[in-house]
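Chemist: Got a sequence here, can you build the structure:
(chains A and B)
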Amino acid sequence: MSEYIPTFEHKMIDLKWQKKWYQSDLFEAEDFSEKEKFYGLVEFPYPSGTGMHVGHVRAYSSIEVIARKRRMEGYNVLFPIGFDAFGLPTENYAIKNKVHPRKVTDDNIETFTNQLKSIGFSFDFSRVVDTTDPDYYKFTQRIFLKLYEKGLAYKDKTYVNFCPSCKVVLSNEESQGGVCDRCGTKVVQKEKTVWFLKITDYADRLLNGLGNVDFNDRIKTEQREWIGKSQGASITFPVRDSDQSLDVFTTRPDTIFGATFMVIAPEHPLLEILSDRIKNRSAVRDYKEKAQTKTEFERVQLQKDKTGVRIDGIEAVNPLTDKTIPIFISDYVMMSYGTGAIMAVPAHDERDHAFAKEYDLPIVEVIKGGNVDEEAYTDTEKGELVNSGFLNGMSVKEAKKEIIAYLRKHDLGDKKNQYKMKDWAFNRQRYWGEPIPIVYCEKCGTVPVPYEDLPVTLPMVEAFEPSDEGESPLATIESFVNTTCPTCGGPAKRETDTMPQWAGSSWYFLRYVDPDNDQVIADLDKQKYWMPVDWYNGGMEHVTRHLIYSRFWNQFLYDIDEAYYEEPYQKRTSQGLILGEDGDKMSKSRGNVINPMDIINEYGADTLRTYILFIGDYEAATPWNENGVKGCRRFLDKVWRLQNNVTEQSGVTADTEILLNQTIQGVSEDIETLKFNTAIAKMMTLTNEWTSKKAVTKKEFEVLLKLLNPIAPHMTEEIWNNLGHDTWLANQPWPQHDPDKLIEDEIEIAVSINGKVRATMQMPTDSPKEKLETEALKLDNIKKYTKGKDIRKVIVVPNKLINIVV
RNA sequence: GCCGGUGUGGUGAAAUUGGUAGACACGAUAGACUCAAAAUCUAUUGCCGUAAGAAGCGUGUCGGUUCGAGUCCGACCACCGGUACCA
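Modeler: Modelled structure (predicted):
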């Protein structure tokens, strides 16, 4: 027997193995290796000053375990990490503490890197990317120029959140609840001309691409709804006695005979164009002004009350009924969706119905089936068209087809798809972001910076506070703004807006494949080898923006032959939130934040890793529990102490063979389906078995060490070493179960009477049904219940149970 | 409002195709070891009840299908997430 070994010293062991790993090339991916590749990706962190959060640990742990398992399975694994380091918190911190954001970022990245290593993550640290590195954002700028070249980047007016007191443009996060984050002043909407990316051109492809990838349904649904495709028709309504007309989008062209009025958004351009004819101009103007000052909050609150103003002097014509119909302005019609104008069919649309009731407008039923005086009838399955001329008698489906054919024939409209997704507002009026590589020349106009002049670097200046009038801080830096035109050589000014947070993260997964390339974003052969990402895990909150934006960029890059595959991510999963011990969301203000570094100090990295995976269903939110941490440490201690119980016996003992094989199978499967909690539970069961027997053979113990290694790599590597190996446990082949040794020779069969279990019996596996039945009826407790009763039916489920119906 | 998810012991949670509900862990109680504590080990632990066992009751609520329902179906309630006058 071996000498007594104390419960392990985690600090020494953690440091020892981390040092060995990171000084070796153990986790480095090899380009073009003969082995099958596996590309596991986690969302790279924003390196904030507060350092790592337990949420980061959970987010990375899944792919971490998968990556380590894949290495043991013989894959060539790419498991990279980097930093999404441009952004407001760093900039605000820098301004407050009078340090340059470059310095803040570098410090934070260093802290973060050390923390990642102190958890023992098996990232390939030779491929780290940093979005704020000019060698990186040179390519972010290049992609922007390519988009510009293809007409997918354009400038347009928009409204930005502006604080009149701080005189600063605010992000949505900084203007929550309609007030300025720092001074509490009410935020106003300021008109500004900014860059947009035409992501709407890719709407259908982003939608269709979802058909070929393995994202869970919830993620696909959220993306689909974000894109928000609806099919319908565009229809032109002439304005009476005018050469003007109103185009509308509708999903219900079949109801056109019921269109008894029209509604346009308060910002609709027709109001300007036909301004002279409007008799109640001041009322219209008042309403428009009121609508604009309404905050989003107010608009949502007042959702049900319909308000509006009838435009006096302009009327439209329903092209199907030829009737003159009034036009209203109302804020229930948005300028930002569709054409900013609708045909109102009060009989079959709830909003139009409410509006018609409010303003006493005619409600004409065109689909039979409801009582349209009471409420809008919106069913599209059952009804039959009435009061609709040539559409009478048709179903909704038929009528849609017919009316579209009619509209097309008479040049009044056509089939049309409309999307909820809007073009991507690609701008920020702050310093710490990628400069947009555009120059404005008086003679040549908007001129892209030539590719060879990239990157347009951020000037390293002392003052980078936002300017007074909502311009980017870069606008006040003359050495940056004033430049020469790349085309004519004359004086020119640079674009001073920077790119938004989402830019750098929209293509970083490609850069990992070839992080040092200074010619292209990533070599196509390397992309062909590594891409697509086999498994991407990240937060549910990034499912719409980041995931859609990055898919858009990847598809665009594919179109211009700079990306090898059309879809970047083969599989996407999401971890659940870790809540505070009180069950609330972890936050500084609630004072319930757990610092992972404290756990590492007290219990070690392996305990932190094990606990975070054991805490509960990986994809569900679950509260932190300090006692649970202790329990996981206790489990690791037990595994450690098994070293004392290693017997001289070789091979595998007969009485744990089945359990061992079941564990191999169960753990292997559970890891693949993100059921880390049950995988760990199975290893606990095995450990408990050996602990109570006080005996385990070396061969058996080594199987457990291999299964546990991806979860608790430090301690298992140390034990592996103690057992006399001088190889990496991390490189050992993953255990395989023997399919013949999963089932016990004898199993317990439950015997129930009328569905209630009354007895159990031990029977040989695969006993014939008849045998089970006769044996069951012999049991004392069963006789008690069957005595004097008719046995009506006996149901035998082999190897499971017997149900006797009396 | 609409869409999606979840609801199981004191707690975190398990539970193939409907087939012994509560694996595993925490906490608790009792005991062993100890001068004592920590650590470790052993036993018990869904509720009710009992000397003990048996019986009874138990997966948000109500109903249904079935020999058998946490699992399937219908209605409802609660909580969480997404979305929001999207025409």
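Chemist: so where do the strands sit in the stretch 651-800 of chain A?
Modeler: For the stretch 651-800 of chain A, the strands defined by DSSP state E, counting those that start in this stretch cover A:696-697, A:746-753, A:756-764, A:793-797.
Chemist: could I get the last one in CSV with only the CA atoms?
Modeler: Listed next in CSV are the C-alpha coordinates belonging to strand A:793-797 (Å, rounded to 0.1, in the frame of the first residue of the first chain):
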residue,chain,number,x,y,z
LYS,A,793,-54.5,-8.5,-17.3
VAL,A,794,-50.8,-8.7,-16.7
ILE,A,795,-48.5,-6.3,-18.5
VAL,A,796,-44.8,-7.3,-18.7
VAL,A,797,-42.2,-4.8,-19.8
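Chemist: The residue in the stretch 101-250 of chain A that RNA strand B sits nearest to and A:Leu412: what is the separation?
Modeler: Nearest residue of the stretch 101-250 of chain A to RNA strand B, counting by Cβ to the nearest atom of the strand: A:Thr250, 3.3 Å away. (Each C-beta comes from the backbone N, C-alpha and C, glycine too.) Here the distance between A:Thr250 and A:Leu412 works out to 12 Å (Cβ to Cβ, to the nearest Å).
Chemist: Give the residues shared as contacts by those two.
Modeler: Taking Cβ atoms under 8 Å, 6 or more residues apart in numbering as the contact definition, A:Thr250 and A:Leu412 share the neighbouring residues A:Ile235.
Chemist: the more surrounded of the two?
Modeler: Legend: neighbour count by other Cβ atoms under 10 Å for A:Thr250 and A:Leu412, higher for A:Thr250 (24 against 19).
Chemist: For that one, which non-adjacent residue is spatially closest?
Modeler: Distances taken as Cβ to Cβ, 6 or more residues apart in numbering put A:Gly232 closest to A:Thr250, at 5.2 Å, once the chain neighbours are dropped.
Chemist: That neighbour: how many residues sit nearby?
Modeler: Residues near A:Gly232, counting by other Cβ under 10 Å, number 20.
Chemist: Now name the helix or strand holding it.
Modeler: Secondary-structure element containing A:Gly232, defined by DSSP states H and E: strand A:229-238.
Chemist: what about chain A, any weak spots by pLDDT?
Modeler: A:1-6, A:171-178, A:181-182, A:294-304, A:468 (pLDDT under 70).
Chemist: Return the distance of A:Ala67 relative to RNA strand B.
Modeler: From A:Ala67 over to RNA strand B the distance is 22 Å, taken as Cβ to the nearest atom of the strand, to the nearest Å.
Chemist: and that residue, what does it touch?
Modeler: A:38, A:40, A:77, A:79, A:122, A:710.
Chemist: Ramachandran coordinates for the third one?
Modeler: So that's A:Val77. Here the main-chain torsion angles of A:Val77 (degrees, to the nearest 10) amount to phi -100, psi 130.
Chemist: got the contact list for it?
Modeler: Applying Cβ under 8 Å, 6+ apart, we find A:Val77 in contact with A:27, A:29, A:37-40, A:67, A:70-71.
Chemist: can we see that at 6 Å?
Modeler: With contact set as Cβ atoms under 6 Å, 6 or more residues apart in numbering, A:Val77 has these partners: A:38, A:67, A:70-71.
Chemist: cool, and the first one?
Modeler: The neighbourhood of A:Phe38, defined by Cβ under 6 Å, 6+ apart, consists of A:70, A:75, A:77, A:534.
Chemist: ok, how many other residues are close to the last one?
Modeler: What that stands for is A:Asp534. For A:Asp534, which is what you asked about, the neighbour count (other Cβ under 10 Å) is 21.
Chemist: Now do the SS call for A:Glu91.
Modeler: Secondary structure assignment for A:Glu91 (DSSP: H, G, I helix; E, B strand; the rest coil): helix.
Chemist: what does A:Gly49 give?
Modeler: A:Gly49 falls in the coil class when you classify it by three-state DSSP.
Chemist: Assess the claim that A:Leu361 and A:Met262 are in contact.
Modeler: No. With contacts counted by Cβ atoms under 6 Å, A:Leu361 stays clear of A:Met262, the gap being 10.8 Å.
Chemist: Can you give the distance from stretch A:490-510 to the centre of its chain?
Modeler: Shown here is stretch A:490-510, whose average C-alpha point lies 23 Å from the average C-alpha point of the whole chain (Cα atoms, centre = their mean, to the nearest Å).
Chemist: Let's see it as PDB, backbone CA atoms only.
Modeler: What follows is the C-alpha trace of stretch A:490-510 in PDB, where atoms were taken according to Å, rounded to 0.1, in the frame of the first residue of the first chain:
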ATOM      1  CA  GLY A 490      -6.100  68.900 -52.400                       C
ATOM      2  CA  PRO A 491      -7.100  69.700 -48.800                       C
ATOM      3  CA  ALA A 492      -9.700  67.400 -47.400                       C
ATOM      4  CA  LYS A 493     -11.300  66.400 -44.100                       C
ATOM      5  CA  ARG A 494     -11.500  63.000 -42.500                       C
ATOM      6  CA  GLU A 495     -14.700  61.300 -41.400                       C
ATOM      7  CA  THR A 496     -14.600  61.700 -37.600                       C
ATOM      8  CA  ASP A 497     -17.300  59.200 -36.500                       C
ATOM      9  CA  THR A 498     -16.000  55.900 -35.400                       C
ATOM     10  CA  MET A 499     -17.400  52.400 -35.800                       C
ATOM     11  CA  PRO A 500     -19.900  50.900 -33.400                       C
ATOM     12  CA  GLN A 501     -19.000  48.200 -30.800                       C
ATOM     13  CA  TRP A 502     -20.300  45.400 -33.100                       C
ATOM     14  CA  ALA A 503     -17.700  46.100 -35.900                       C
ATOM     15  CA  GLY A 504     -14.700  44.300 -34.600                       C
ATOM     16  CA  SER A 505     -16.600  41.300 -33.300                       C
ATOM     17  CA  SER A 506     -18.300  40.700 -36.700                       C
ATOM     18  CA  TRP A 507     -15.300  38.900 -38.200                       C
ATOM     19  CA  TYR A 508     -12.900  38.000 -35.400                       C
ATOM     20  CA  PHE A 509     -13.600  34.300 -35.800                       C
ATOM     21  CA  LEU A 510     -12.000  34.500 -39.300                       C
END
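Chemist: Strands along the stretch 301-450 of chain A, start to end?
Modeler: All strands of the stretch 301-450 of chain A, identified by DSSP E, counting those that start in this stretch, fall at A:309-317, A:324-329, A:341-344, A:413-419, A:424-425, A:438-441, A:445-448.
Chemist: Which of those strands sits closest to RNA strand B?
Modeler: The closest approach between RNA strand B and any of the strands of the stretch 301-450 of chain A, judged by Cβ to the nearest atom of the strand, belongs to strand A:341-344 at 4.6 Å.
Chemist: any idea how far A:Gly489 is from A:His56?
Modeler: Relative to A:His56, A:Gly489 is positioned 49 Å away (criterion: Cβ to Cβ).
Chemist: How about A:Leu729?
Modeler: A:Leu729 sits at a distance of 25 Å from A:His56 (criterion: Cβ to Cβ).
Chemist: burial measure for the closest residue to RNA strand B within the stretch 351-500 of chain A, as a count.
Modeler: With distances taken as Cβ to the nearest atom of the strand, the stretch 351-500 of chain A approaches RNA strand B most closely at A:Lys420, which sits 4.0 Å away. Burial of A:Lys420 is recorded as 13 neighbouring residues (other Cβ under 10 Å).
Chemist: What about the closest residue to it other than its chain neighbours, how many residues nearby?
Modeler: Excluding the flanking residues, the one nearest A:Lys420 by Cβ to Cβ, 6+ apart is A:Gly228, at 2.5 Å. Counted by other Cβ under 10 Å, the residues lying close to A:Gly228 total 14.
Chemist: on that earlier part again, please identify which of A:Leu361 and A:Met262 sits among more neighbours.
Modeler: A side-by-side neighbour count of A:Leu361 and A:Met262, using other Cβ under 10 Å, places A:Met262 first with 24 against 19.
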